[in-house]
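S.K.: No sequence on hand, only this structure:
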C-alpha cells in the first residue's frame, strides 16, 4: 500500500513544472491575437518533445508505455500553467487507437500521435447534449465505398490544427467510432467564441462526408466500451487539470493577499481572508486525493473505476470552481480585469466543470452505481 | 502508487478480524467516544483492551521491553485501527495512547517500569486532563496551578470535558508552573493519581442527554515530583510531541462515518423500495456524501503512507480533521432529513429508528468540529503554518 507519489512521479512533476515555467503558456494566451494555430502547434510539439504525447503509447509503437497515473501527473502541471494543449482528448484517443485500432491504423497513426506529429482531435464533451444544436447526432450510413457521415459534433478542442477526428455516431444496429481525416470533403470546422480563453474549441460539421470503410475504429462490440473508457480517461485528466488550476490559484491568492495592504496591514493578516485560503487548501488536497484514487482505479481496472472517475470529475472540478471563486473574491477589483492573469484560470476551472460530462450526469452515474 | 496490502499487513488484518470475531464484547456503541451503560460493560471493555495489547494488535510501536514489536509500522497500525473501527466494536482504551508515548519519549526508566505494562493490561486506566473552562482550543491559556513543595507538587484548579475521568486511575495532567514569559512556556506535564481526596469528578450531562464527559476539580491534590514527565515548564513540548502520535488515529477516524453512511444508503434503498423511487435531490446528496466519505477515507491512507515513508506533512492531519468533522456532520444532518418525521423519535422511544441512533449522531456530531482544536483553529493553523500567512497579533 503506497498512496502517495513515488519518486518517479515526483521527478516527472518537477521536470514538467520546470519545463512549463521556462516555456510559460501564458505568453501565448496573452499574445495578440492569442492562441493562433501556429502558436498552439509549436507548443504542442514542444510538449510532445518532452515525451508527454507518448505516455499512453506502448513502447513497441515508440511511446513511453506508461500509465494513466503518469498522464495525471502531467495533466495537473498543464492545468497549473493553463496550457492550451488538448491533453485529455489526446490521451483518450491514444488509448482508443491503441486498444481498438486496426494494424494499419496503429501503424499509420499511433506512433505519430505519440510524437506529436499527428493530431487526433475529439470532442471534450460526452453524453447526451442537454440542449439541441449545435450538436446534431452523427449518423453514418453504409455506402459501397464506406460510410456517408452527417451531423455536427461540438466542442472539439484544436479541431483546426488536427489531422483526424475521432467521432462516434449512429449506424444501423448500433453505434460506431470513426477516425476521419480532417481534410475530408464536406467537413466544416467553426471556431467557437468561447469563455475559456486558455484553449480553443471548435464545432465540426460533417456534410454527407464520404469516408472509407477502413475509417471505422473497432467493431460493433467495441464502440460502447471505447466511448466509456475515453470518458473515464477524460474525466480523470480533467480532474487533474482542475487540481493544477486550483493549486496555482491558491498560490497566486496567498501571495497577493500578503502583498496587498489595506487598513494598514496585509489583508492576509485578517482572519476572514485566512479562513478562505485555508478552505482553498482543503479543497485542493481533497480534489487531489479523489483524482489519485480514480487514476489508480482506472489503471488497476478496479470494479469501481467508472464511479471513481465520476467522483473525481465532479469533486475536483467543483473544487476547482470553488477555489477560483475564492481567488477572484480575494483579488478584489484587480481580479476583475482582463489584464491580470487570474481570468485564464478562473474560466478554465469553470470550463473543466462543464466539459467531459456535467456534475449532474456524473452524480447520476454514481447514484445508479450505488443502486439509489 | 498502489492500494494492495503487503502480505504481512494483510495477515495482521486477518488476525485482528479473527480476534474481533471471537472476543470483542457485544456492546452496542453510541456515536463517538461515550460512557458505557454499566460496570459490567466497563469491565468487559478493560478486558478487551488488554487482549488487544496482549495479542500485539495495538501498542505495537512501544519499546519491545514494554510490549511493542520490533517491526512495527504506521501502515500496520492504521490498518488495525481501521479494521476495529469498521467492525463497529470497541477499540482499546485509547486515552492511554498519548500519555504512553509521552512516558516513552520523555519519561524516566522508573516511570516506564511503573506505568507502561500496567497500562497495557488495563491495571491502570488513564484520562487526559488538558482542557479547562477557559482553555479549550487555546490550550496555552490553561490556569490550573502546580506549586512545588519539597518532593511534591500541589495542584489547584479545574479541568473539563474529561473522558473516562470517573473510571480513571491516573490522569495525564497539564498544569501551570510558571506565569513568566510566553503562556506556553510555563506549563508542566504530570501523571496524577485520580483516587485521592483532592480530586473530585463530576459528570456533565451533554446535549445528547447522556453523561459521557466530566469536570474534574483539584483542591490541594498531590503529585510526587517523581511523577512529573520531562522537565519543569517543558509540558508544552511534551504535549506537542505526543500529538504527532495522533496522526494515525486521526487517519482512522473517518471509518465510523463510512459505517454510518453505508447504513444511511441502505436506509435510502429501503425507502426507495417502499415508495418506488427516491427524489433526485436525495440521491445526489447521498452521492456527494459518498464522495466526501471516500475522499476522507483515502486521505487517511495517504496520511498513513506518508507516516510510513517518514514524510509526514503538517497540513495533513489538520485537513483530515476539518474534512472528517464536516463530512460526519453532513451525514448526520442528512440522516434526519431522510428520516423526516421519524427523525424526531429518540433513544428510548419504542418506535425510534435503530433506537435513536441517528438522533444521537446528529446531536453528537458537532463534537468533532469543536474538540481537539476547533475547525476554526485548524483553519488558522493551516493559514499561518502551512500557507505562511501573518500570525494573529
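M.R.: Received the coordinates, thanks. Small disclaimer: the values here were computed from a predicted structure and weren't measured.
S.K.: Next, count neighbours for the residue lying closest to residue A:9 once chain neighbours are set aside.
M.R.: What sits nearest to residue A:9 in space, not counting adjacent residues and going by Cβ to Cβ, 6 or more residues apart in numbering or on different chains, is residue A:73, at 5.2 Å. C-beta coordinates here come from the backbone N, C-alpha and C atoms, glycine included. By other Cβ atoms under 10 Å in any protein chain shown, the residues close to residue A:73 number 25.
S.K.: Quickly note the distance from residue A:73 to residue A:225.
M.R.: Residue A:73 sits 26 Å away from residue A:225, going by Cβ to Cβ, to the nearest Å.
S.K.: Next: residue B:221.
M.R.: 71 Å.
S.K.: Compare the two (neighbour count), which wins?
M.R.: residue B:221 (27 against 12).
S.K.: Over to the more buried one. Which of the three states is it?
M.R.: Using DSSP: H, G, I helix; E, B strand; the rest coil, the structure places residue B:221 in strand.
S.K.: Now for it: which residues touch it?
M.R.: B:154, B:155, B:156, B:192, B:196, B:198, B:199 (Cβ atoms under 8 Å, 6 or more residues apart in numbering or on different chains).
S.K.: re earlier: which ones are touching the residue nearest to residue A:9?
M.R.: By Cβ under 8 Å, 6+ apart, the contact list for residue A:73 reads A:5, A:9, A:12, A:13, A:16, A:240.
S.K.: for the residue lying closest to the third one once chain neighbours are set aside, phi and psi?
M.R.: Right, the one you point to is residue A:12. What sits nearest to residue A:12 in space, not counting adjacent residues and going by Cβ to Cβ, 6+ apart, is residue A:73, at 4.9 Å. Main-chain torsions, residue A:73, degrees, to the nearest 10: phi -60, psi -50.
S.K.: Just the pLDDT at residue A:73, thanks.
M.R.: Reading off the confidence values, residue A:73 has pLDDT 98.
S.K.: again, but for residue A:133
M.R.: According to the prediction, residue A:133 has pLDDT 67.
S.K.: Against chain B, how distant is residue A:36?
M.R.: From residue A:36 across to chain B, the span is 38 Å (Cβ to the nearest Cβ, to the nearest Å).
S.K.: That residue and residue A:161, how far apart?
M.R.: 10 Å.
S.K.: neighbour-wise, which of these two wins?
M.R.: More neighbours surround residue A:161 than the other of residue A:36 and residue A:161, with 19 against 14 (other Cβ under 10 Å).
S.K.: so that one makes contact with residue A:120?
M.R.: No - with contact defined as Cβ atoms under 8 Å, residue A:161 does not reach residue A:120; the gap is 11.4 Å.
S.K.: all strands of chain B, in order?
M.R.: Under the criterion DSSP state E, chain B contains strands at B:126-129, B:145-149, B:152-163, B:170-176, B:187-193, B:199-205, B:211-224, B:228-229.
S.K.: er, the stretch 51-200 of chain A actually
M.R.: Ranges of strands in the stretch 51-200 of chain A, per DSSP state E, counting those that start in this stretch, are A:120-121, A:136-143, A:146-157, A:164-171, A:174-181, A:187-191.
S.K.: what angle separates the third one from strand A:174-181?
M.R.: Pointing back at strand A:146-157 there. If you take axes from the mean of the first three to the mean of the last three Cα atoms, to 10 degrees, strand A:146-157 sits at 80 degrees to strand A:174-181.
S.K.: hang on, residue A:40 in a strand?
M.R.: No - counting by three-state DSSP, one finds residue A:40 to be helix, located in no strand.
S.K.: Let me know how buried the spatially closest residue to it that is not a sequence neighbour is, in neighbour terms.
M.R.: Nearest in space to residue A:40, with sequence neighbours left out and distances taken as Cβ to Cβ, 6+ apart, is residue A:84 at 5.4 Å. Number of residues near residue A:84 (other Cβ under 10 Å) recorded here: 26.
S.K.: Confirm for me that residue A:84 is in contact with residue A:199.
M.R.: Yes - using Cβ under 8 Å, residue A:84 is in contact with residue A:199, at 5.2 Å.
S.K.: what residues are shared contacts of the two?
M.R.: Residues touching both residue A:84 and residue A:199 by Cβ under 8 Å, 6+ apart: A:35, A:158.
S.K.: Spell out for me which residue occupies the centre of chain A.
M.R.: By Cα atoms, centre = their mean, chain A has its centre lying nearest to residue A:88, at 3.3 Å.
S.K.: Spit out the contact partners of that one.
M.R.: A:75, A:124, A:233, A:234, A:237, A:238, A:241, A:356.
S.K.: can we see that at 6 Å?
M.R.: Contacts for residue A:88 (Cβ atoms under 6 Å, 6 or more residues apart in numbering or on different chains) come out as A:234, A:237, A:238.
S.K.: Likewise for residue B:389?
M.R.: Taking Cβ under 6 Å, 6+ apart as the test, what residue B:389 contacts is A:268, A:274, B:383.
S.K.: what do you get for residue A:149?
M.R.: Going by Cβ under 6 Å, 6+ apart, residue A:149 touches A:140, A:206, A:209, A:211.
S.K.: Quick check: next helix or strand after the longest helix belonging to chain A?
M.R.: The helix that spans the most residues within chain A, counting by DSSP state H, is helix A:223-259. Elements were assigned by DSSP states H and E; along the chain past helix A:223-259, the next helix or strand is strand A:261-262.
S.K.: Wondering if that next one reaches chain B at all.
M.R.: No - judged by Cβ under 6 Å from any Cβ of the partner chain, strand A:261-262 stays clear of chain B, getting no closer than 11.5 Å.
S.K.: what mean pLDDT does that strand have?
M.R.: 96.
S.K.: now the helix or strand just after that strand, how far from the centre of its chain.
M.R.: Scanning forward in sequence from strand A:261-262 by DSSP H and E, the next helix or strand is strand A:265-266. Centre-to-centre, strand A:265-266 and its host chain are 39 Å apart (Cα atoms, centre = their mean, to the nearest Å).
S.K.: mind listing what residue B:165 touches?
M.R.: B:127, B:201, B:214, B:216.
S.K.: elements contacting the longest helix anywhere in chain B?
M.R.: As assigned by DSSP H, the longest helix anywhere in chain B is helix B:280-308. Helices and strands touching helix B:280-308, by 3 or more Cβ pairs under 6 Å, 6 or more residues apart in numbering or on different chains; DSSP states H and E, are helix A:271-299, helix A:359-369, helix B:74-86, helix B:246-253, helix B:255-275, helix B:315-339.
S.K.: okay, these in CSV with distance to residue B:54 and mean neighbour count next?
M.R.: As requested, the helices and strands packed on helix B:280-308 are exported to CSV (distance: least, Cβ to Cβ, whole Å; neighbours: other Cβ atoms under 10 Å in any protein chain shown):
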stretch, distance to residue B:54, mean neighbour count
helix A:271-299, 36, 24
helix A:359-369, 42, 20
helix B:74-86, 14, 22
helix B:246-253, 21, 22
helix B:255-275, 23, 17
helix B:315-339, 29, 22
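S.K.: low pLDDT regions in the chain?
M.R.: Looking at chain A here, since you left the chain open. A:132-133 (pLDDT under 70).
S.K.: my question was about chain B
M.R.: Residues of chain B that meet the cut-off, pLDDT under 70, sit at B:243-244, B:246-248, B:393.
S.K.: Tell me what angle the strand or helix carrying residue A:43 forms with strand A:146-157.
M.R.: Using DSSP H and E, residue A:43 sits within helix A:37-49. Using the same axes, to 10 degrees, the inter-axis angle of helix A:37-49 relative to strand A:146-157 is 90 degrees.
S.K.: quick one, helix A:37-49 and strand A:187-191 angle?
M.R.: 100 degrees.
S.K.: Pull the residues that contact helix A:37-49.
M.R.: The contact list for helix A:37-49 (Cβ under 6 Å, 6+ apart) reads A:28, A:84, A:85, A:116, A:160, A:161.
S.K.: does the first one count as helix, strand or coil?
M.R.: Using three-state DSSP as the criterion, the local structure at residue A:28 reads helix.
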